[in-house]
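Q: my questions concern the predicted model and sequence given below.
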Amino acid sequence: MKRRYFLRGLGIGIFVTALLFTIALVLSPPAMSEARIKKEAKKLGMVEAEAQSTETDELPVEDPDAATEKKVKETAAEVEKEAEEAKSTKEEADKEKQQADEAKTEADAKKQEAEEKKAQAEEKKAQANESMSDAEKQLEEAKKAVQSASSSTTVTGSGSSSNNSSGKEVSFVVESGQASSTVSANLYKAGLVDDATSFDRYLEQHNLDNNVQNGTFSIKEGSTYEEIAKTLTGK
């Protein structure tokens, strides 16, 4: 905006200057010719000196109108050049503004995309937490069911022998998922070990408490802890 006012003021100044020059030329007295100058000089008693210089030594007289026109043209050329520079500057500014707008639009799009991805991630996280909660509930229910089944398990084989004489084999059943403590308690009920806690501790000390296999086993009465553990674990 300031550049526009400057150019406008400069143009007005040039116009006023040219007008003043034109008025000065019109009002100024006409230039005296060489002959008239010599005539007036003779009247005043002046003598013309012998011409010694050639035509090339004479200084050319510049036409005031031509000088003014030249100055006006030069000024107009400068104004036109500045106008072109201003136009170029404006085009560059417009281009930069357009690039900035495009960059802002792209940034807004990326931001929106990031927010959508974040929302999707949060939704997936919530679903995963819900699924995990359901899985934990199912696992807890399964543990309760196993414990209930273990507590209601009937030890078979305790009556397969009419007496507890040494050397008789007893059929013993281990249900799937039974803990070593439950198996030890059932062995005690079947009369195959003298103490459930001691046998369970023996399994733990020998790292066999997690190796008890499920199924039906034949165990001789009077077997040692080692023999019973080997039968139940296969180790």
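A: Structure's in. What do you need?

Q: what ranges of this structure fall below the confidence cut-off?
A: 1-2, 28-32, 47-63, 141-167 (pLDDT under 70).

Q: strands along that one, start to end?
A: 169-174, 215-220 (DSSP state E).

Q: mean neighbour count and distance to Ala35 added to these, as CSV?
A: Quick note: C-beta positions are derived from backbone N, CA and C, even for glycine. Output for the strands of the chain, formatted as CSV (neighbours: other Cβ atoms under 10 Å; distance: least, Cβ to Cβ, whole Å):
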stretch, mean neighbour count, distance to Ala35
strand 169-174, 19, 150
strand 215-220, 14, 150
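
Q: dump those to a markdown table, plus distance to Ala135.
A: Shown next, in a markdown table, are those (distance: least, Cβ to Cβ, whole Å):
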| stretch | distance to Ala135 |
| --- | --- |
| strand 169-174 | 27 |
| strand 215-220 | 29 |
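
Q: who wins for proximity to Lys125 among those?
A: Smallest distance to Lys125 across the strands of the chain (Cβ to Cβ): 41.5 Å, for strand 169-174.

Q: and that closest one, which strands flank it?
A: strand 215-220 (antiparallel) (DSSP bridges).

Q: all helices for this protein, in order.
A: Applying DSSP state H to the chain gives helices spanning 2-27, 34-43, 64-151, 180-189, 196-205, 225-233.

Q: how about a markdown table for these, with mean neighbour count and distance to Val212 added?
A: Shown next, in a markdown table, are these (neighbours: other Cβ under 10 Å; distance: least, Cβ to Cβ, whole Å):
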| stretch | mean neighbour count | distance to Val212 |
| --- | --- | --- |
| helix 2-27 | 11 | 95 |
| helix 34-43 | 10 | 142 |
| helix 64-151 | 11 | 12 |
| helix 180-189 | 21 | 5 |
| helix 196-205 | 16 | 7 |
| helix 225-233 | 17 | 5 |
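
Q: any chance of TSV for the ones you listed, columns distance to Phe172?
A: Below are those laid out as TSV (distance: least, Cβ to Cβ, whole Å):
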stretch	distance to Phe172
helix 2-27	105
helix 34-43	152
helix 64-151	15
helix 180-189	7
helix 196-205	13
helix 225-233	8
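
Q: so for Val173, which of those sits nearest?
A: helix 180-189 (8.2 Å).

Q: and the closest one with helix 225-233, angle?
A: 120 degrees (axes from the mean of the first three to the mean of the last three Cα atoms, to 10 degrees).

Q: pull the residues that contact helix 180-189.
A: The contact list for helix 180-189 (Cβ atoms under 8 Å, 6 or more residues apart in numbering) reads 150, 153, 155, 158, 172, 174, 178, 193-197, 199-200, 203-204, 208-210, 212, 219, 228, 232.

Q: and what of stretch 105-123?
A: For stretch 105-123, contacts defined as Cβ under 8 Å, 6+ apart pick out no residues.

Q: farthest residue from the center of the protein?
A: Gly45 (100.1 Å; Cα atoms, centre = their mean).

Q: dump the residue contacts of that one.
A: By Cβ under 8 Å, 6+ apart, Gly45 lies in contact with nothing.

Q: any idea how far it is from Lys39?
A: With the distance defined as Cβ to Cβ, to the nearest Å, Gly45 ends up 13 Å from Lys39.

Q: please apply the same query to Thr22.
A: Taken as Cβ to Cβ, the span from Thr22 to Lys39 is 31 Å.

Q: for the nearest residue to Ala83 once chain neighbours are set aside, what are its contacts?
A: Leaving out its chain neighbours, the residue that sits closest to Ala83 by Cβ to Cβ, 6 or more residues apart in numbering is Leu7, at 6.3 Å. By Cβ under 8 Å, 6+ apart, the contact list for Leu7 reads 79, 82-83, 86.
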